[in-house]
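*Asks:* below are the sequence and a predicted model; questions follow.
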Amino acid sequence: MLDAEAASSAEAWAQEEFGHADLGDKRRTRRLTRMAAQAVQCPSGKVS
């Protein structure tokens with residue numbers, strides 16, 4: 001499990017990379033950034 005600093009770093013990275021995506025709804029963009037941050041924190045996991 002990652003510490004709080006690493007989790008915050010993953011969230012910051014995801015926001016920088018995907019935060020400006022135009023997916024038609026702000027909720028979709030928030031979900032994309034959460035999914036990306038989680039994928040960075042657990043890279044061997046699955047994305048469904």
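*Replies:* Looks like it arrived, so ask away.
*Asks:* residues contacting the residue nearest to Asp22 when sequence neighbours are not counted?
*Replies:* Excluding its sequence neighbours, the residue lying closest to Asp22 (CB to CB, 6 or more residues apart in numbering) is Thr29, at 7.9 Å. C-beta here means a position set from N, CA and C on the backbone, and glycine is covered the same way. Thr29 is in contact with 18-23, counting by CB atoms under 8 Å, 6 or more residues apart in numbering.
*Asks:* can you do 10 Å?
*Replies:* 15, 18-23 (CB atoms under 10 Å, 6 or more residues apart in numbering).
*Asks:* please apply the same query to Glu11.
*Replies:* Glu11 sits next to 33-34, 36-38, 40-41 when contact means CB under 10 Å, 6+ apart.
*Asks:* what about the residues you listed, which are in helices?
*Replies:* Per DSSP state H, helices hold the following members of these: 33-34, 36-38, 40-41.
*Asks:* and those residues, which are buried?
*Replies:* Burial by neighbour count, judged by 16 or more other CB atoms under 10 Å, picks out 33, 36-38, 40-41 from the ones in helices among the contacts of Glu11.
*Asks:* got a markdown table for the ones in helices among the contacts of Glu11, with distance to Glu11 too?
*Replies:* Shown next, in a markdown table, are those (distance: CB to CB, whole Å):
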| residue | distance to Glu11 |
| --- | --- |
| Thr33 | 7 |
| Arg34 | 8 |
| Ala36 | 9 |
| Ala37 | 5 |
| Gln38 | 9 |
| Val40 | 9 |
| Gln41 | 9 |
